[in-house]
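Novice: After the sequence you'll find the predicted model.
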Amino acid sequence: MHGKNPYEYGPVDVVDGKGKVKGRGKGKKKGEAEEEKGDKGKSKGAGGGPAASARDKQIDEMIETFCEDENLALEKDDFDFRSRRFLHELLSRDGDGGEERVKNALMTCADVARNKERDDVDNWRAYVFKLIRKEDPQLYDELKERDIRRRRHEG
């Protein structure tokens with residue numbers, strides 16, 4: 001067997017097993033699964049309607065504006081669900097003053113990120129959230145308590 005290719009004789013047949021050979025999974029091809037998915041996965045939660053989506057777009061635009069500066073180590077993906085939710089709450093709670101508070105929170109992140117390199121921070125998502133929550137520590141505590149109550153209720 002030295003010097004010979006072990007696969008020269010073809011694949012090994014399974015003699016004892018669960019039965020006849022079946023296909024490799026029941027799933028769809030990669031392209032099909034993504035096409036049919038559509039809006040699935042967004043069914044959890046209360047929704048919020050068009051006003052909530054307009055606020056989400058507004059927050060996304062503000063984040064993109066702050067992340068466009070090439071001198072910043074900050075990237076759009078550094079703002080995860082928790083950060084966006086916190087900014088969303090800031091925006092929706094204070095009416096007209098909410099937008100200013102969101103800008104202040106983003107400015108805090110931008111000011112800190114000007115003095116950092118990407119490698120200086122291990123987890124940018126957690127770091128950004130920590131910076132953002134300084135804008136309103138009471139709101140952070142309230143959201144934290146709400147999450148704890150929700151987990152207790154679900155589990």
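Specialist: Arrived safely, thanks for sending.

Novice: pretty sure A105 is in contact with H88, am I right?
Specialist: No. At 11.5 Å, A105 does not count as touching H88 under the criterion of C-beta atoms under 8 Å. Where you see a C-beta, it was placed from the backbone N, CA and C, and this is true even at glycine.

Novice: More neighbours: the two, which one.
Specialist: Counting neighbours by other C-beta atoms under 10 Å for A105 and for H88 shows that A105 has the greater number, 24 against 18.

Novice: which residues touch that one?
Specialist: By C-beta atoms under 8 Å, 6 or more residues apart in numbering, A105 lies in contact with F86, L87, L90, L131, I132, K134, E135.

Novice: redo that, cut-off 6 Å
Specialist: Shown in contact with A105 (C-beta atoms under 6 Å, 6 or more residues apart in numbering): I132, E135.

Novice: any idea how far it lies from R150?
Specialist: Counting by C-beta to C-beta, to the nearest Å, the gap between A105 and R150 amounts to 24 Å.

Novice: for E99, same thing?
Specialist: Applying C-beta to C-beta to E99 and R150 gives a distance of 27 Å.

Novice: Settle it for me: which of those two has more neighbours?
Specialist: Using other C-beta under 10 Å as the criterion, E99 and R150 rank with E99 on top: 16 against 10.

Novice: Find the residue closest to that one in space, skipping its chain neighbours.
Specialist: L91 (6.2 Å; C-beta to C-beta, 6 or more residues apart in numbering).

Novice: What is the neighbour count of that neighbour?
Specialist: By other C-beta under 10 Å, neighbour count at L91 equals 22.

Novice: now do Y127
Specialist: If you count neighbours by other C-beta under 10 Å, Y127 ends up with 18.

Novice: you'd agree it is up against V121?
Specialist: Yes. In this structure Y127 lies within contact range of V121 using C-beta atoms under 6 Å: 4.9 Å.

Novice: Export stretch 84-97 to PDB, keeping only CA atoms.
Specialist: In PDB, the C-alpha atoms belonging to stretch 84-97 read as follows (Å, rounded to 0.1, in the frame of the first residue of the first chain):
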ATOM      1  CA  ARG A  84     -29.300  51.400  18.500                       C
ATOM      2  CA  ARG A  85     -32.100  50.600  20.900                       C
ATOM      3  CA  PHE A  86     -30.600  53.000  23.400                       C
ATOM      4  CA  LEU A  87     -30.300  55.700  20.800                       C
ATOM      5  CA  HIS A  88     -33.800  55.000  19.600                       C
ATOM      6  CA  GLU A  89     -35.100  55.400  23.200                       C
ATOM      7  CA  LEU A  90     -33.200  58.700  23.500                       C
ATOM      8  CA  LEU A  91     -34.700  60.000  20.300                       C
ATOM      9  CA  SER A  92     -38.300  59.000  21.100                       C
ATOM     10  CA  ARG A  93     -38.400  60.100  24.800                       C
ATOM     11  CA  ASP A  94     -37.400  63.700  24.600                       C
ATOM     12  CA  GLY A  95     -39.400  64.800  21.600                       C
ATOM     13  CA  ASP A  96     -37.500  67.600  19.800                       C
ATOM     14  CA  GLY A  97     -34.600  67.400  22.300                       C
END
